[in-house]
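Peer 1: coordinates only, sequence not included:
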């Protein structure tokens, strides 16, 4: 047997590169590439497809394979392979390669020519045999690998991909057996979320075959690459303590990143840890990786959060038209004036083929117009010209209120749908004035907010900012909350009513107080509350179909019921007063008192939101 012939039947794993993938199969070619580039792979050799072809010819299986018609013949072909005789030159080539590398335990792995390709991984379709020792057992394991090319699952998988059975051939890898202390799999991109910057590691003590087959629950780790190195962002430990320390995890992730750079695509990698040394046992492309989630910048994130706040539930198609108009008039006009083109709500919400909203679309684009070059000057002019402390005296607000009351009065005598549509159009148009107020006064209000936050941080009082921004302001929201607390106090003052609130459901409570003269005092106060604050939405700021408090008063009853269990301390009652005293001491100079515009801004924003609600709720009750 010549050396040249032996090399065709068996090649060293270091020489099994992609240049001869037709001889060594996809798995061996990947491992050979890794070895060529200095990555840690257990040494071994490959029984090539030439050896498989000789075996097929010697045992008269060529015509059987060429006429193979499907899974019904697979069992017969496997039996013929397992009963067949391995050619003497093939046995001698395997013997020479096995003994020249020592005669210890080896792992015998299938490496098909249609395996571990970018479009088809064939993961788990072919057999692997571990802890094989002795030449006779190695040869027998090679035959079993050849037979696994014709397993029912491998045949079915090839047929599902349209791969010709006659073109499939099997090479076999024989490697030194790694006595793994820990083993597992690693994905160089998150296979669940599609995030390319994450590396996912699953690890288990001992051999990793049980992980791949799903027999055991491994430890689960997620790492992300930062500019300063690898950061472990998730750990799920299945046992009493982690099977991998942080240093080893970082080493694994670094090796995974090298392998991905080498092959150019995210990889599914099997690995083992033996006496502190990492070995790569297999690397194949991830073939079913989801599309990566979009990278969302600060402005996009703000828009998405705002939309999610307004739309906690999926809107109906009719509601999209309303929301689109409000968003365009109250937000889009402001952005457009400063050179930013925001998408419409229709672009922000993904719809199915029937026009039904499905989900918020994060792939929208934010554009700019030529007028963006004027934005700095316009911001400066509006900051100096429109002082946010005086927004309530603006003629646009006066016009908004005048139109609103006019539309509200028309509702009392409305009789035709044409009139209703006209009123709805008027309410939508009225939001233009909200946009104008924001365009003029937001620059000075936001500036005051920024200055306030910076100054509080410098004074070591940064935690006061959200309290001042939302809790210590005299707004419609805080006013409504105080009235809800007042209703709860009325309930507490009447023992029988308190018992009913504690024991009954909100709908039953409402029926009782409406029908009983004993509780007329409370029902009267509830009606006053609804007359003033009933425009508040049952769900979301702009979801017409969900109704409002005045339409669903049981929601208010539910809120009052929950307030009965909350004990408000004197400390909470006096907290805003103490904050104001602290600020007075901080802002003792005239210059810093300018920053009090922050409070005007907060009231401005929240009260405008209430005005939109008032305008729409009367229409929804028609």
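Peer 2: Structure's in. What do you need? What you are looking at is a predicted structure, and each value in this text was computed from that prediction instead of being measured. Numbering: from 1, shown residues only.

Peer 1: and the helices in the stretch 201-350 of the chain?
Peer 2: Remark: helices assigned in the stretch 201-350 of the chain by DSSP state H, counting those that start in this stretch are 209-212, 246-263, 298-310, 317-327, 333-337, 345-348.

Peer 1: among the ones you listed, which comes closest to residue 59?
Peer 2: helix 209-212 (29.8 Å; C-beta to C-beta). Just so you know, the C-beta spots here come from the backbone N, C-alpha and C atoms, and that holds for glycine as well.

Peer 1: quick one: contacts of stretch 553-561?
Peer 2: 484, 487-488, 491, 501-502, 506-507, 509-510, 526, 529-530, 534, 538, 549 (C-beta atoms under 8 Å, 6 or more residues apart in numbering).

Peer 1: picking that back up, as TSV, the helices of the stretch 201-350 of the chain with distance to residue 166, mean pLDDT and mean neighbour count would be great.
Peer 2: What follows is the helices of the stretch 201-350 of the chain, written out as TSV (distance: least, C-beta to C-beta, whole Å; pLDDT from 0 to 100; neighbours: other C-beta atoms under 10 Å):
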stretch	distance to residue 166	mean pLDDT	mean neighbour count
helix 209-212	29	52	16
helix 246-263	28	96	18
helix 298-310	52	74	14
helix 317-327	54	80	19
helix 333-337	63	89	19
helix 345-348	51	79	19
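
Peer 1: to residue 11, which of those helices lies closest?
Peer 2: Across the helices of the stretch 201-350 of the chain, residue 11 has its closest neighbour in helix 246-263 (20.3 Å, C-beta to C-beta).

Peer 1: does anything pack onto that closest one? Which helices or strands?
Peer 2: helix 21-36, strand 182-187, strand 198-205, strand 219-226, strand 229-236, strand 267-274, strand 277-285 (3 or more C-beta pairs under 8 Å, 6 or more residues apart in numbering; DSSP states H and E).

Peer 1: residues making contact with that helix?
Peer 2: 30, 33-34, 37, 39-40, 186, 188, 199, 201, 221, 223, 225, 229-230, 232, 244, 266-267, 269, 271, 273, 278, 280, 283, 285.

Peer 1: just the buried residues of those residues.
Peer 2: Neighbour-count burial (16 or more other C-beta atoms under 10 Å) applied to the contacts of helix 246-263 gives 30, 33-34, 39, 186, 188, 199, 201, 221, 223, 230, 244, 266-267, 269, 271, 273, 278, 280, 283, 285.

Peer 1: where in the stretch 51-200 of the chain is pLDDT low?
Peer 2: 71, 115-124 (pLDDT under 70).

Peer 1: and the strands in it, which stretches?
Peer 2: 106-112, 128-132, 170-176, 182-187, 198-205 (DSSP state E, counting those that start in this stretch).

Peer 1: JSON lines for these, including distance to residue 449?
Peer 2: Shown next, in JSON lines, are these (distance: least, C-beta to C-beta, whole Å):
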{"stretch": "strand 106-112", "distance to residue 449": "63"}
{"stretch": "strand 128-132", "distance to residue 449": "63"}
{"stretch": "strand 170-176", "distance to residue 449": "64"}
{"stretch": "strand 182-187", "distance to residue 449": "44"}
{"stretch": "strand 198-205", "distance to residue 449": "35"}
